[in-house]
Structures are given as structure tokens and as C-alpha cells.
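Student: Structure of the sequence below:
(2 chains)
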Number of protein chains: 2
Amino acid sequence: MHDSVITFISDLAVIMIVAGFVTIIFHRLKQPVVLGYIVAGILIGPHTPPFELIRDEHTIKVLAELGVIFLMFSLGLEFSIRKLLKVGATALIAAVLEIVVMIWLGYQIGLWLGWNNNLDALFLGAILAISSTTIIVKALNDLKMKHERFAQLIFGVLIVEDILGIGLIALLSGVAISGSVSGSDVFFTISKLSLFMIVALLVGILLVPRLLAYVARFRSNEMMLVTVLGLCFGFCLLVVKLEYSMVLGAFIIGAIIAEAKELHWIEKLIEPVRDMFSAIFFVAVGLLLDPKIMIEYAIPILIIAGAVILGKVTSCTIGALIAGNDGRTSLKVGMGLSQIGEFSFIIAALGMSYKVTSDFLYPIAVAVSAITTLTTPYLIRAADPVARQIGKMIPQPVARIAGLYGEWLNHLHPQGTNAVIWNMIKRILTQIGINMAIVIAIFLCSTYLAVNLQSSFLSHWIGDIDWRKSLIWGTTLVISLPFLIAAFRKFKALSMMLAEMSVRESITGRHTQQVRRIISETLPLLFLTVTMLLLSALSAGILPKREALILVILSIVAIVFLLRSWFVRIHSRLQIALYETLDHEDRDQHEKNETDE
Amino acid sequence: MHDSVITFISDLAVIMIVAGFVTIIFHRLKQPVVLGYIVAGILIGPHTPPFELIRDEHTIKVLAELGVIFLMFSLGLEFSIRKLLKVGATALIAAVLEIVVMIWLGYQIGLWLGWNNNLDALFLGAILAISSTTIIVKALNDLKMKHERFAQLIFGVLIVEDILGIGLIALLSGVAISGSVSGSDVFFTISKLSLFMIVALLVGILLVPRLLAYVARFRSNEMMLVTVLGLCFGFCLLVVKLEYSMVLGAFIIGAIIAEAKELHWIEKLIEPVRDMFSAIFFVAVGLLLDPKIMIEYAIPILIIAGAVILGKVTSCTIGALIAGNDGRTSLKVGMGLSQIGEFSFIIAALGMSYKVTSDFLYPIAVAVSAITTLTTPYLIRAADPVARQIGKMIPQPVARIAGLYGEWLNHLHPQGTNAVIWNMIKRILTQIGINMAIVIAIFLCSTYLAVNLQSSFLSHWIGDIDWRKSLIWGTTLVISLPFLIAAFRKFKALSMMLAEMSVRESITGRHTQQVRRIISETLPLLFLTVTMLLLSALSAGILPKREALILVILSIVAIVFLLRSWFVRIHSRLQIALYETLDHEDRDQHEKNETDE
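Tutor: Okay, here's the model as predicted:
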């Protein structure tokens, strides 16, 4: 056999054997297996004797990247919009507060420690921002607290964090390339990313579960696995071509596949593959560590670890309190989230691969993760006594104000008829938003394709550039018509509801009906105008000259007039397909599996 | 992210997507998925447009080798001595006959086709020798015939073939390195290999299931997987260091793990990993194929495919007939085994990696495998009508002779008291054989270690070379004492039985007892003498000078005299441990799982 294969097998053997031993020891010491992997990596790494246990570092690193992909893919599989909505407010407030506070804190610590490179400080902030799903799940499992309410809140926070973390990675990549960051950059990056995610999720949820249901009919584990792997790697590749990180791709395709009926089966198939590669990933994290650097930077590491624990406990607890949870639950949420993990390694590695951060950042991230991982279970267990202690120390008036705040929050929730109407409005707004997002995405894609294709391909067919543009722009408009029409119809309905609600008979008297009609007919016109302006702005690159434009618009109007009901039918068929996928029967079982994790 | 990672992910994406599509098509056409993978490999390979779909061939090849390891590991997991014994005679006779006939046939065809390189012909023989477990299991699954008697016989033949195939690979590696093969080489290689397999299996079955039972207590899929992977790669590495092929290591460690109580769990964990990498392996097989070469060699390919089908059907059918099966069953066994598969690819790749075979051999092997895979299901289905046809054509006298042969075979089986005694003798002989194999292995290891260690390590401690040798030799002898004593005791029991049986009172009259005593006491002495000579020959390298030798032997005799019962106890404890592992309670369920595959 080839020597390179033997080298590689011997590397794998070393990794798996040492990882196996160390994890058994860590398991006996009741510490997370992940820490064991990292320690195994340090032991066999080039910085600790015996040296040279790993010889084909290139291949091991490639496999470690596969580990990241499978980790993120699994996180995606566990993602669920439903689960997120259940703990929505708490999750959103706590996660956003935590991330903002931690980025700021990390950045300030970096500056305070006198790091010359501003990007080091920024990356440190990002490294400290996201808590570790892997470690929390493990800790709650060990403590047998996974089904308590605070644990559900923590999982919600983690999901929001994962999404924001992925946005953070996209942003940092931009920063790493351009070297700076501005407010509009952040806004643009985040809106482009959200748009991409919404469209990818919608299109994916329409197509992928159908494909998987088809493959499932063959009842072959092997075919299912190959299909899922094909989807996963294929989507990652697509995302890379769009210049996002593979991590994002793996997460989104995971979230899409999570809507398939075969989720449970797929999870069982992917689990061993993920475990194998994520073990390699965490060992590879350890491989990069030089214990000497960790000793050299012992003081910053301790300071940062302390900041992580204090910062996260405080920000998450306050976030949960603001969202209306009681003090004990809030403190437990805060203490549960007080560590960093896999996302931090990914962000630290990002900085290293773009060569914009210093060498000491990665070992610091890993060391801080190790320390905070070790403290997490103790903190969770300490939450109850600490809460009691704090409860005793808080003076009566403060406690009373907190109680009043909770009551006031409860009153804020709309009740009775109002609640029904409010829910309807929310729903219609969501639908309008989704449809408009799709329209925007279609126009963006079309502009992108037009720029790349028209010179090479279309120009053979149609000589005149204006005709070409007319054709492209017209086609784009026709494709987006079902969604435009749907958005318009929803908006009309919304306008009528608003007119009904906002105009009270007691004020307008006998003019009520007229005022209402004016409102319900003006608003849609306003909507049309704004949409037109938006679409012209979006399609600036492919907009034909005025004469051609008028011609195209006229023909489109004719098409709309003739095929109006057909467009409505197409749209409602797509909508039904989407709902069917999202509402499949074994949803309950799926939820169960997810909370059983 | 690094470019190399993106290249690699894009390769994986291409492989999995194309493999997914093609296998779905092949599944719909009711052809084995394996063929689909190979076709997918040809499609994305460098010889068919669009070119350059795979860019990081090195990493893909390394992963393909992992696929081979996991395939062989799975074969090992399905290996079972018990299952083998059930269909023993048929399996052994058919497999040996098939392999001998096919090697000869392949070699002759190679010569006849005028291939200049003798090794090409030899490798062709080896390529044609072993049938494909993967393809047969798939075909019998599809035909829903897996539980019929002929299918059980086929599985038996496949197990024997796998073992012989592994021996074949060891032999061919030797041939490839030395360039020639002699009878004594073959004998030496096979005995060394058997010795290694027996010792590895024994030691492994004593240790590994205990380790796995310990790990199983943590109830963690992840830890179990990492442990199994560590064992698998670690053992492969050990085997490579002993200069055998990794394939052998993967098979043996699989067979060892197959004796663990947790087999079913482990199979579930390993299956997705194996499916992923074996898909890569079969696609990589296709990648190497140049359709042009296949067209160029179309005629040899067709001839060889015809030879495979005819040769295997004939030899296996005759083998099964000789072992006493009826004509229909025998024909079904023959037709089921009439194809080549993964072993052929491994052997062809072996020749390529040692650069001793020509370039056309690999594509020929794959093409022949593809053709014979396609014909297998039709042949199995055709077996019944063909058997009926042949039955009509055979003249009465021949059929009568065949019937008589079957009856005669049945009479050959010892019956009544004889059968009991015969079984006892067989059992004692097996035990003596195993104990002596262990003793031989201990002496070989010791010689090997002594040569490598004594100059560097021991010489610091003990200056005099003779003292060193005495120490090593003495220690070796003490370690092997439990097995030596056990073998001696078994042999004594055997001698008594033989004396009892061979000396009839009707012949020796009143001297019966004396004659029996002479026999039962002479034989063990003879055994001792032969053993002594054998051990001296084995330990020639570490045997001290005569005076020291006598001293050592005297002290050993003293040790034996003092600790005799302790040695017996040690040995019986080891033996009990072995039996416990082999006889664990859920053996029935295990058998069920295996036949359910």
C-alpha cells in the first residue's frame, strides 16, 4: 500500500486511541468529552513530547473542517422555527443583549490589555460572544435538567445565538478582507444575509423534503446517507461560490432537512459520521495549542475567563429578567450560558486563516473555553442557592418593583379580540415580508445572472442590447409576478383591516364609510408606488431604455390582466406545498426527539 | 477558509451528488448500487468529459482506502466461527476448489492472451479467485432468497473465501516484493499468517470484548464509536508494522469485535461511516477507469467474464456436489458465486501500487466485475430451470451413482459412541493446536524483541551476553509455561484415550493393561521431546550457551514443580474467560442479526 495512506491511518489511529483513552478518563471525572478531545490533541500535538505523532497534518486539518461542517449541519437539524417562537421574547432579548455586551467587553479587554492590533480586540469580542451548544447540552444532560423550563429558554437563546453567530462570521470575513467595518457595511451584510437565508430556506423547504421523501421510498440507509451528504456538501459548495462561509451553508441545509419527515432517520445516520469528524475537529483544536503560550498568557486568560463568566451571567440574566422571567429562572439561564466553545474556535480559526489576528488569540480562546467549560456545571448547580442569597439581600422595595414589572409585562400582551386581530396582522405582515423577500431575491439573482451571461450567451441570439435588457427585465418581472400579486392582495386586505380598526364611528360619524374607503384604497396605491421604486432601484443594471420599458410594462400589464387568476393559483399552490411540509403529521414526534437530545 | 478545504469539499460534493443520482437510477433499474457508484466514478473521472471535476485526487484516494478498511472491518464483523462450522464441509471444499480453479484459469488465460508479464497473469488469476460478498448479499436481498439453504451455503463459502483471499493478498505482496514464489514460500507465508491470525484472535477475544463492555457502561454512542475506531485503526497499524496488509488487520479486528456483546450496537454505529467511505471507494474505482482502455480490451474482457461465469459455476457446483449437496442446491450455490467484486479491485490496486502489473489489468478487473455483477441475479433465477433441464438430460445410471455417492457420504459420518469419541478427540486436538500456536507465537515474539531490544536496552543492565540470553530465554519459557503445561496435559489425556481405543483386549489378552500403560506413557514423552526440539529451533537466536541453558532449565523445572497448580489455574482462568466471551447469552440474537443483514 502507499506510504501516504499508512501515514494517514497511523495519524487516525493515534487520534482515535488517545482520544478514546482521554475521553474515558474525562467521563469518569464527569467532565465533558469535548474537553477530553482537546487535551488529547494537546498531548499528541507538536508542542508536547513525544513529538511527531501526527505526520499528515494537511489531511487531518481537512477532515477537521469536515467536522465543523457536520457539527453545524447537526445544529441546523436541531433548529426549529416553532421551538424558537415558543421561547421567542426571552431568547431574542437575552441573545442580543449577551452578544452586544460580550463583543463590547471583549473589545475593551483587548484594548485594555494593550494589544496593538485592533482586529485582535474585535475578534476577541466575537470569540466571547457565542455560547457553546455542545457543552451546554452535555452539562444539562449530566445534571438531568434538560426538561426544566430554564433549559428550554437556554436552547432558545442558543438557536438565536447560532443564527447571529453565523451573521457574525459573515461580517468578520468581510472585515478581515476589507480591514474595516462601517455601519452601512453591517446593515448591508446583515440584510443580504437575511435575504439569502429566507430565500434558501423557502426554496429548500419546498424542494428538499420532497426529494428526501422520494429517496426514503427505497428504504435504503445507504442511499439516504449518500443523498443527505450530497445535499449537504452540494449546498456548502453553492454557499461558498456565493462567498459565504461553508459553516453557514451547513447550518441552512441542516435547517431545511430538519423539515423532512425522515428527520429522525437522518439524525441516526448522520450521528456517527458527525461524531467521528467532530472528534477529529476537537483533537485538531488541541493540536494547534502550544502549552507554552498558554502559560505565557496565563494572566490575560484568567482575566478573560472571568469576564466571560461575569459578563455572560449578568447580560443573560438581565435579558431574561427584562423578558419577564422570575429571578431564579433568569439566573439559571445566565449561569447555563456562561461559557464559550465551538463557535469561538471557528471564529479564532477564521482570523488565523485570513492572517489578520495574532498567534496568541487561538490558544487564548481554547484555554478560556476549557476553563469556562469546567465551571459551567458548578455554576448551574450554584444558581439556586445564589438566587436565594440574592433574594434575601434585595431590599423589599426593589423586589416589589420587579414584581410590578412582571405584572405590567403580562398586561402588555394583547388580550381577547385585540389579540386575535393582532395575530392576524402579524401573520399578514409576515406573508407580505416573505413574498417581497422572494421578489427582491429574484431581481438580485437576475441582475447577477444578466451581468455574467448576457455578454457571452444571450448576445448570440439577440443583437440589440436594449432588446436584451427588455427581455431579461420582462422575464424577471413575470417570474416575480405571483409573489408581487400575492403581496399586493395581502396588503389590500391589511389596509381594509387597518381602515376598519383605525377609523372609529364615534369620531368620523356619517363619513365613516368614505374615510375607510379612502384609506383602504390609498394605502395599496402607496404600496405599489414604493414597490415600483424599489424594483427599479434593484434592477438598475438591467432596466431597458424608457421606450422599451413602457412597452415591457404594457405587455406585463396585459399578461397580468389575462392570467391573473393563474398567477394567484400558482402562488397558492406553492404556499400550500410549503405549509404541508411545515405541518407534517409527525411534527409532535419530531419535537419530542429534539427535546430528548 | 483555506482553498484546499474548498477543493476537497467540492470533490466530495461532486462525488456524493453524482453517486446519489446514479444510484437512484440503478436502484430503479434494479441493479446493485455498487455498480452505480462505479459508473458515477467513470462519469466524473478524468477520462470522460467534463474533465477536472475531481481536483484533490490524493485526499480522495486516501479516503477510498478508508473505505476499503471499513468494508473489510464490516466483513469481519459478520464473520462467525459458529456460522462457518454449520456449513463447514461445503464451504471449505467449494471455496478451495473455486480459488484453485480460478487462479489456474486466470493464469492460463493471461498466458493465452499473450501477456508478456507473468505477474499480470498471476494477478489476473488472483483477481478472478474471490467472489463478491457485497454484490451477492445485495442480489439475494433483492430476490428475497437470503434465508434459503443455498444462500446459507453461499455465505459460508464467502467467509472461507474472505480468509483465503486475505492469505492471497499476503502472498501476492510477497511475490510483488521478491518477484517470485516458491512452494516453501507459500507454505511459510500461510503458516506464519495462520499463526498470527490464531494468536491475534485469541488474545483479541480475551481483551477486546472486555474493553468494549467497559466502554458500553457509559452508554454513549460517541465514546463507543471512538473506541471502536481507535481499535480498528490501531490494529491496522500494528498489522502494517508486522508487514501485513491493512485489509487483513481490519478483517481480524472486525472478527474480534464480532464476539463482543455490543456487536449489534457497533454495527449500527459503523454502518453509516462504512457506507460513506465505501461509496467513496467504489466511486474512486470508477475514477481510475478509462473507457477507451475498456473498448480497446473489449475482447479479453468478454473472454475473461465468460471464464469467470463458467469457471465459478462449474467449480462451485462441483465443490458443493462433492460435499454431498443435491444437484439443485449445488447449482444455485455455483450460480450465486459467479462474479467478482471488491476483493478483485483490492488485488488489482495492490499490483498497481507495487508497480508489478500492467495498466490495463485494473480496468479489465472492473469491467469484468461490472459484467458479472449484472449477470448474477439472472443466473440465480435461472438455476432452477437449468437444474431441471440437466436433470432430464442426465442418463439414469449416472443419476443412480450420484445417489449412491450421497448415501456413502452420509455413512462416512461417525455415528453413535464413535461419533462422541471422535468429537472428543477433535476437541482435544484443537485445544493442543491452539496452545502450541500460542507457545510458538510467544517464542517468535521473544526472538523478534530480543534481537531489537537487547543491544540497546538490556545491555545497560546486564553486561554479559550469555546472562542476557539466559534471562530472555528463561522469561519466554516461563510465560509460555501455562500453555505448554496445558498442551501436555491434554496430550496425556489424548494418549490415554488412544491407548484405550487402539488396544483391544481380544488381541493383547492379559497384557492389555500393561500395553495400554506403555502407550499412554510413551506418547507424552515423545510429545515432550518433539516440543523441546521445536522450541530450541524456534529460539535459536536467543538460546544461551550449554552451561547457562542447563541452569535455566533446572530453575524452570524447579519453578514448574513449585508453581504447577498455579500455572494450571492461570490457564484455566484464561480458558474460562475465552469461553465466556464466545458463549455470551445473546448469541442467538447475534446470529439472527447476521442472517438478517
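
Student: Can you tell me which residues in the stretch 151-300 of chain A are near chain B?
Tutor: Within the stretch 151-300 of chain A, the residues that sit near chain B (Cβ under 8 Å from any Cβ of the partner chain) are A:215, A:218, A:220-223, A:225-227, A:229-230, A:233-234, A:236-237, A:240, A:245-246, A:268-273, A:275-276, A:279. C-beta here means a position set from N, CA and C on the backbone, and glycine is covered the same way.

Student: how does it look with 7 Å?
Tutor: Applying Cβ under 7 Å from any Cβ of the partner chain, one finds that the stretch 151-300 of chain A approaches chain B through A:215, A:218, A:221-223, A:225-227, A:229-230, A:233-234, A:236-237, A:240, A:245-246, A:269, A:271-273, A:275-276, A:279.

Student: Among these, name the buried ones.
Tutor: Neighbour counting by 16 or more other Cβ atoms under 10 Å in any protein chain shown classes A:215, A:218, A:222-223, A:225-227, A:229-230, A:233-234, A:236-237, A:240, A:245-246, A:269, A:271-273, A:275-276, A:279 among these as buried.

Student: and A:V240, what is it in contact with?
Tutor: A:V240 sits next to A:M246, A:G249, B:I6 when contact means Cβ atoms under 7 Å, 6 or more residues apart in numbering or on different chains.

Student: Which of the buried ones among the residues of the stretch 151-300 of chain A next to chain B fall in helices?
Tutor: Using DSSP state H, A:215, A:222-223, A:225-227, A:229-230, A:233-234, A:236-237, A:240, A:246, A:269, A:271-273, A:275-276, A:279 are the members of those that sit in helices.

Student: residues near whatever residue of the stretch 351-500 of chain A ends up closest to chain B, how many?
Tutor: For the stretch 351-500 of chain A, the nearest residue to chain B under the criterion Cβ to the nearest Cβ is A:S353, separated by 5.9 Å. Using other Cβ atoms under 10 Å in any protein chain shown, A:S353 has 14 neighbouring residues.

Student: for the one 5 residues further on, same thing?
Tutor: Applying other Cβ under 10 Å, we find 15 other residues in the vicinity of A:S358.

Student: Please, which helix or strand holds it?
Tutor: Assigned by DSSP states H and E, A:S358 belongs to no helix or strand.

Student: That one is in contact with A:L119, isn't it?
Tutor: No - in this structure, A:S358 is not within contact of A:L119 by Cβ atoms under 7 Å, at 8.9 Å.

Student: what are the ranges of the helices in the stretch 201-350 of chain A?
Tutor: With DSSP state H, counting those that start in this stretch, the ranges of helices along the stretch 201-350 of chain A come out as A:221-241, A:246-257, A:263-287, A:291-296, A:298-322, A:327-336, A:342-353.

Student: how far out from the middle of the chain is the shortest one?
Tutor: How far helix A:291-296 lies from its chain's middle: 34 Å, per Cα atoms, centre = their mean, to the nearest Å.

Student: So which residues make contact with that helix?
Tutor: For helix A:291-296, contacts defined as Cβ under 7 Å, 6+ apart pick out A:I42, A:H47, A:T48, A:I301, A:F360, A:P363, A:A367.

Student: Derive a PyMOL selection command for the buried subset of the residues you listed.
Tutor: PyMOL command restricting those to the buried ones, with burial defined by 16+ other Cβ under 10 Å:
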select buried, chain A and resi 42+48+301+360+363+367
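
Student: ok, the contacts of helix A:291-296 vs A:D162, which is closest?
Tutor: A:A367 (23.3 Å; Cβ to Cβ).

Student: roughly how far apart are the closest one and A:L310?
Tutor: Distance, A:A367 to A:L310, using Cβ to Cβ, to the nearest Å: 17 Å.

Student: same question, A:I205
Tutor: Distance from A:I205 to A:L310, by Cβ to Cβ: 41 Å.

Student: Name the residue in the two with the higher neighbour count.
Tutor: The neighbour comparison of A:I205 against A:L310 (other Cβ under 10 Å) goes to A:I205, with 20 against 12.

Student: Can you name the residues that contact the more buried one?
Tutor: A:I256, A:E259, A:L578, A:T581, A:L582 are the contacts of A:I205 under Cβ under 7 Å, 6+ apart.

Student: Please apply the same query to A:Y297.
Tutor: A:F360, A:I364.

Student: distance of it from A:F360?
Tutor: Distance of A:Y297 to A:F360, computed by Cβ to Cβ: 6 Å.

Student: Count residues in the vicinity of the nearest residue to A:L350 once chain neighbours are set aside, would you?
Tutor: For A:L350, ignoring the flanking residues on the chain, the nearest one in space by Cβ to Cβ, 6 or more residues apart in numbering or on different chains is A:L172 at 6.0 Å. Using other Cβ under 10 Å, A:L172 is surrounded by 25 other residues.

Student: right, and A:L172 touches A:A348 too?
Tutor: No - with contact defined as Cβ under 7 Å, A:L172 does not reach A:A348; the gap is 10.6 Å.

Student: Could you break chain A into its assigned domains?
Tutor: A:3-384, A:416-594 (automatic domain parsing).

Student: First-to-last residue distance for the first one?
Tutor: From the first residue to the last, domain A:3-384 extends over 58 Å; the measure is Cα to Cα, to the nearest Å.

Student: pLDDT on it, on average?
Tutor: Per-residue pLDDT over domain A:3-384 has a mean of 86.

Student: Quick one, which of the domains of chain A gets closest to B:I93.
Tutor: Of all the domains of chain A, domain A:3-384 comes closest under Cβ to Cβ, at 33.6 Å.

Student: Now A:V14: phi and psi?
Tutor: Dihedral pair for A:V14: phi -60, psi -50, per degrees, to the nearest 10.

Student: tally of neighbours for it?
Tutor: 22.

Student: Over to the one 4 residues further on?
Tutor: Neighbouring residues of A:V18 were enumerated by other Cβ under 10 Å; the total is 21.
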